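Peer 1: when you get a sec, could you give me coordinates for this:
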Amino acid sequence: MTTIAHPGQQDAAHFALFTEVLDAVATGIIILDMEHEEVFFRNPHASAILDQAGVDHSFGGIHALLKAEIDPLRQGRAAHSLRKKIRFGNRLFGYTLYGPVAGNRFVAVFLQDITDQNRLAAMDEATEMMHNIGFLFSGIRHEIGNPINSMKMALTVLRKNVHRFPPQELEKYFDRIFDQVAKMEVLLTSLKTFNLFEKPRPTVVDLLAFFREFVGMLAEDARNKHIGLDVDFAEEARWVNVDVRALQHVVMNVFANAMEALGDRPDSRIMVRCQSGGEVVVLTISDNGCGISDDVQQDIFKPFFTTKQNGTGLGLMLSRKLLTQMNCSLEISSKEGSGTTVTMLLPNATVNEPTMAGCPIDH
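Peer 2: This next block holds a predicted model:
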């Protein structure tokens, strides 16, 4: 049964249409009156979910269930909550809260049964994972197979001619073999890194100090290549929750790609920008290099896809994997001939006495 608290006679016609529409929606909708601490509206779907959860339909019961999300909205620290999941029995529900807008007193709660959706998503994820694993091993077989075949051919020629070839010819074949060994070492190092951060340990990291140290390491190389480095940080976007080792690996990979894309272009620059996005920090690293074509952008996160002569095609795939494990994201936008921007969303950390993970900072 739909519940609306104290509808006035003048408002009855408006509420009748309002409730008729919302009653038919297959989403639980609850509107809480925070000023009077009562349930202003609750549709039948929401009541059924609360019954299944054994939650009191009153303001107190709903507030107790969602207190952790409601309080930040009441205090104006957020306009809405991130979508959360909660399990009641064998069913899984997703919910989102929207806080008071422009001083009004209402908080809206949207509840939806996502059990089947979550199960299908898990199946899709498992299928995609198996596909990626198959693709990965196929790529490994190909990437290791080629150097092995090349070494095998060189060794076959050497075995038949080792007593006839002059030293210069022997050296040429040995160089070819060592070159193929080096390619395999690069691949194996990449695969080692692939598992290096299987369990990232996020800590509170000062991004400003992190980039001061990071840019300091690259400054001489950048000067030699005539590349300008700009760093711009908003104070409220300074602290994040990440594994500092994983972040360093990702940023190093992004910078290496940017510096290679710049080449000998005049007025080459790499720009680092950091802004607050509420619960996330938006970190962008941009260059004015050669850019990436639309066709290549479709494949850049695929394992072993590379346009570099000596690349492994694992850098960006690994970077996205590391960030995903830390509840972060990585996206790339680029225009051929105009440059590339890498955007990372990192969890915003609000602390009184932050502990820096390995990066000193001046106060």
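Peer 1: and the gap between the residue of the chain most remote from its centre and residue 153?
Peer 2: In the chain, counting by C-alpha atoms, centre = their mean, residue 164 sits farthest out from the average C-alpha position, at 58.5 Å. Distance from residue 164 to residue 153, counting by C-beta to C-beta, to the nearest Å: 17 Å. Just so you know, the C-beta spots here come from the backbone N, C-alpha and C atoms, and that holds for glycine as well.
Peer 1: then residue 287?
Peer 2: In this view, residue 287 and residue 153 are 40 Å apart by C-beta to C-beta.
Peer 1: where along the stretch 201-350 of the chain do the strands fall?
Peer 2: For the stretch 201-350 of the chain, the strands defined by DSSP state E, counting those that start in this stretch cover 203-206, 227-233, 239-242, 268-276, 280-287, 329-335, 339-347.
Peer 1: and the residue farthest from the centre of the chain, that one's in a strand?
Peer 2: No - assigned with DSSP: H, G, I helix; E, B strand; the rest coil, residue 164 falls outside any strand and is coil.
Peer 1: start to end distance for stretch 39-55?
Peer 2: Stretch 39-55 has an end-to-end distance of 14 Å (C-alpha to C-alpha, to the nearest Å).
Peer 1: could you shift the numbering so residue one becomes 76, and keep it that way?
Peer 2: Sure, I'll start counting at 76 from here, so that last one is stretch 114-130.
Peer 1: hmm, who's touching that stretch?
Peer 2: 76-80, 94, 97-98, 100-108, 131-134, 136-137, 140, 161, 163-164, 166, 168, 181, 184, 186, 188 (C-beta atoms under 8 Å, 6 or more residues apart in numbering).
Peer 1: drop anything exposed from these.
Peer 2: Among the contacts of stretch 114-130, those buried by neighbour count (16 or more other C-beta atoms under 10 Å) are 77-79, 94, 97, 103-108, 134, 137, 140, 163, 168, 184, 186, 188.
Peer 1: tell me where the stretch 326-438 of the chain has helices.
Peer 2: 369-372, 390-400 (DSSP state H, counting those that start in this stretch).
Peer 1: re the thing from before, strands - which of the contacts of stretch 114-130 land there?
Peer 2: 78-79, 103-108, 161, 163, 166, 168, 181, 184, 186, 188 (DSSP state E).
Peer 1: domain assignment for this structure?
Peer 2: 78-188, 193-269, 278-422 (automatic domain parsing).
Peer 1: TSV for these, including mean pLDDT?
Peer 2: Shown next, in TSV, are these (pLDDT from 0 to 100):
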stretch	mean pLDDT
domain 78-188	77
domain 193-269	74
domain 278-422	83
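Peer 1: do you know how far the residue farthest from the centre of the chain is from residue 248?
Peer 2: Using C-beta to C-beta, one gets 12 Å for the distance from residue 239 to residue 248.
Peer 1: so what's the residue farthest from the centre of the chain up against?
Peer 2: Contacts of residue 239 (C-beta under 8 Å, 6+ apart): none.
Peer 1: the closest residue to residue 352 other than its chain neighbours: neighbouring residues, count only.
Peer 2: Of all residues beyond its chain neighbours, the one nearest residue 352 is residue 420 (6.8 Å), with distances taken as C-beta to C-beta, 6 or more residues apart in numbering. Here the count is done by other C-beta atoms under 10 Å, and residue 420 has 18 residues near it.
Peer 1: same check, this time on residue 150
Peer 2: Counted by other C-beta under 10 Å, the residues lying close to residue 150 total 9.
Peer 1: tell me which of the domains of the chain sits most buried.
Peer 2: Of the domains of the chain, the one with the most neighbours on average (mean count of other C-beta atoms under 10 Å) is domain 278-422, at a mean of 17.
Peer 1: just to revisit the earlier point, residue 221 is nearest to which of the helices of the stretch 326-438 of the chain?
Peer 2: helix 390-400 (19.4 Å; C-beta to C-beta).
Peer 1: from the contact counts, what lies against the closest one?
Peer 2: Applying 3 or more C-beta pairs under 8 Å, 6 or more residues apart in numbering; DSSP states H and E, one finds that helix 390-400 makes contact with helix 242-269, helix 319-337, strand 404-410.
Peer 1: quick check on residue 132: phi, psi?
Peer 2: The phi and psi values for residue 132, taken as degrees, to the nearest 10, are phi -70, psi -10.
Peer 1: nearest residue to it other than its sequence neighbours?
Peer 2: Ranked by C-beta to C-beta, 6+ apart and with sequence neighbours excluded, the top spatial neighbour of residue 132 is residue 125, at 5.5 Å.
Peer 1: name the nearest residue to residue 109, sequence neighbours excluded.
Peer 2: Nearest residue to residue 109, sequence neighbours excluded (C-beta to C-beta, 6+ apart): residue 180, at 5.0 Å.
Peer 1: contact partners for the nearest residue to residue 184 once chain neighbours are set aside?
Peer 2: Nearest residue to residue 184, sequence neighbours excluded (C-beta to C-beta, 6+ apart): residue 105, at 4.1 Å. When contacts are counted by C-beta under 8 Å, 6+ apart, residue 105 touches 114, 116-118, 121, 137, 183-184, 186.
Peer 1: in CSV: those, plus distance to residue 172.
Peer 2: Listed next are those as CSV, based on distance: C-beta to C-beta, whole Å:
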residue, distance to residue 172
114, 14
116, 14
117, 14
118, 16
121, 13
137, 11
183, 7
184, 5
186, 10
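Peer 1: closest to residue 357 out of these?
Peer 2: Out of the contacts of residue 105, the member with the shortest distance to residue 357 (by C-beta to C-beta) is residue 183, at 26.4 Å.
Peer 1: I'm done for today, thanks for sticking with me.
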